[in-house]
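Undergrad: The sequence and its predicted three-dimensional model are supplied below.
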Amino acid sequence: MKFSYVAILVAALAFWACDDDDSSSTKPSSETPSSSSNKDSSTASYDCSVEDGVVVAYPKGGEKFKLGETIKVVYGASENLAGPQFIFRYRASENDAGTDLTDEAVGEKSPDGKTCYEQEVVLDAELATSEEGFIQVIPYVETRKNGKSGKFTVTE
């Protein structure tokens with residue numbers, strides 16, 4: 001049991017120690033996301049201000065995405081979540097444990113609680129289509145301070 005805690009700690013420190021700013025997926029807050037099936041999202045403006053935790057501004061809810069489609073998730077996070085980044089997870093419902101949309105923790109390493117950040121995720125073709133689903137953005141360390149997108153539909 002102690003070995004698993006040590007392994008988790010080492011993995012967390014490895015994520016935090018790796019600083020690859022060239023591959024950062026963040027963009028200035030003046031830029032807005034687009035999706036191949038939802039072009040009107042590029043004209044929207046977002047409020048990503050948050051005092052404690054994560055807020056997901058896009059998808060807002062009501063969108064339709066196809067399996068295999070890339071989505072630019074727009075989110076903000078408070079300063080106290082700086083460090084080992086975020087896990088992006090698709091969930092078909094509140095009861096669904098979810099499917100990770102990235103292979104590792106990704107996203108902004110130094111959030112400021114005001115800026116909108118973008119992270120591209122792909123709705124894996126192995127996901128089941130659903131009437132409703134959402135993306136959960138989970139801080140790697142403070143998992144209870146996660147944020148959820150609005151509910152959207154996934155089609156084939």
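TA: Here it is on my side, so go on.

Undergrad: where in this protein is pLDDT low?
TA: 1-44, 128-129 (pLDDT under 70).

Undergrad: Would you mind finding the longest strand in it?
TA: strand 130-139 (DSSP state E).

Undergrad: partners of that one, with directions?
TA: Strand 130-139 has the following strand partners under DSSP bridges: strand 86-91 (antiparallel), strand 147-148 (antiparallel), strand 152-155 (antiparallel).

Undergrad: what's next to the second one, contact-wise?
TA: So that's strand 147-148. By C-beta atoms under 8 Å, 6 or more residues apart in numbering, the list of residues contacting strand 147-148 from outside reads 50, 53-56, 75, 77, 134-137. For every residue, glycine as well, the C-beta is placed using N, CA and C.

Undergrad: May I ask which of the residues you listed has the most neighbours?
TA: residue 77 (30 neighbours; other C-beta atoms under 10 Å).

Undergrad: Pretty sure it sits against residue 114.
TA: No. The pair residue 77 / residue 114 is not scored as a contact, 10.1 Å apart, by C-beta atoms under 8 Å.
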